[in-house]
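Trainee: Structure of the sequence below:
(2 chains)
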Amino acid sequence: MADSPQTSAHARPLSPFVSIYRWPVTMAASITHRVTGVGLALGMILVAWLLIAVATGPGAYDSFVGCAQSIVGRLVLFGFAWAVVFHFFNGIRHLAWDIGFGFKLPTALGTGVAVYVLSILGAIAIFAWGYHQAGLL
Amino acid sequence: MSIRTPFSRVQGLGASHSGTEHFWRERATSVALLPLTAWFVYAAIHLVGQSYQDAFTFLHEPVNAILMLLFVIASVVHMTLGIQVVIEDYVHTEGSKLVLFLLNKAFGWIIGVACVFSILRIAL
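Mentor: Modelled structure (predicted):
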């Protein structure tokens, strides 16, 4: 490892990168899985915040709830809910691939579309249930 | 004729310093997280609009505290493994890679300890 690619003096031939390809749903889902995974890791900060707030006392809990109920808070939580559902269902898809199921092209494309549809419906269902729980729906 | 030591050969790990543990642990935690995440989503919805006392009482229940501990621990292990792969895929200079690995581990430990301590504080 004398030279890193970034500091090489000569322009080396590059393999095509994402920008050059069509975006079949399988590729989009793979990238979305990774993006939602990183997003959920950041989302764990919110989980830690909630748990610390409950452990600390009513004041800390109320400020958490205040942030969660703001417009920005609701948008973040909706994104969190969508990411959870997407990563959950696409994770099942990956586990199925790991044991050898679902590799036929129509199946892989179909399950990819299904995961996107389920993730949006799931996030809406979670929010509807949450609003219902709070007596707002 | 190989210059590898017998110990290195019997380990069978080569230049990567590791075998299939990373892949396997990522899969094992993902399977564990299927029911745990479903429970977490249910718990999170259940807490919407609840008072501090209700939230405290919910997490004070032993079964809920145990499930929350399992969810948090499985999540932290899973996310640390996952983010390590992302770093390995996109960062190719040894120095920055090492720094990011350490930050990733630190992030996992901080989130994990913060969550576990808080849950125990509420439950005990």
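Trainee: Low-confidence ranges, the chain, go.
Mentor: No chain was given, so I picked chain A. Residue ranges of chain A with pLDDT under 70: A:1-9, A:18.
Trainee: if you could check chain B rather than the one you did, that'd help
Mentor: In the predicted model of chain B, residues B:1, B:15-16 satisfy pLDDT under 70.
Trainee: which parts of it sit against chain A?
Mentor: Listed as neighbours of chain A in chain B under the rule C-beta under 8 Å from any C-beta of the partner chain: B:27, B:30-31, B:33-34, B:37-38, B:41, B:44-49, B:52, B:55-56, B:59, B:68, B:72, B:75-76, B:79, B:82-83, B:86, B:92-94, B:107, B:111, B:114-115, B:117-119, B:121-122. All C-beta spots, glycine's among them, are computed from the backbone N, C-alpha and C.
Trainee: packing partners for whatever helix or strand B:V41 lives in?
Mentor: Using DSSP states H and E, B:V41 maps to helix B:21-47. Contacts defined by 3 or more C-beta pairs under 8 Å, 6 or more residues apart in numbering or on different chains; DSSP states H and E place helix B:21-47 against helix A:71-98, helix A:105-133, helix B:52-60, helix B:62-90.
Trainee: Which one of the ones you listed lies nearest to A:R12?
Mentor: Minimum separation from A:R12 across these (C-beta to C-beta) falls at helix B:62-90, 17.5 Å.
Trainee: how far off helix B:21-47 does that closest one point, in degrees?
Mentor: Helix B:62-90 and helix B:21-47 meet at an angle of 130 degrees, taking axes from the mean of the first three to the mean of the last three C-alpha atoms, to 10 degrees as the criterion.
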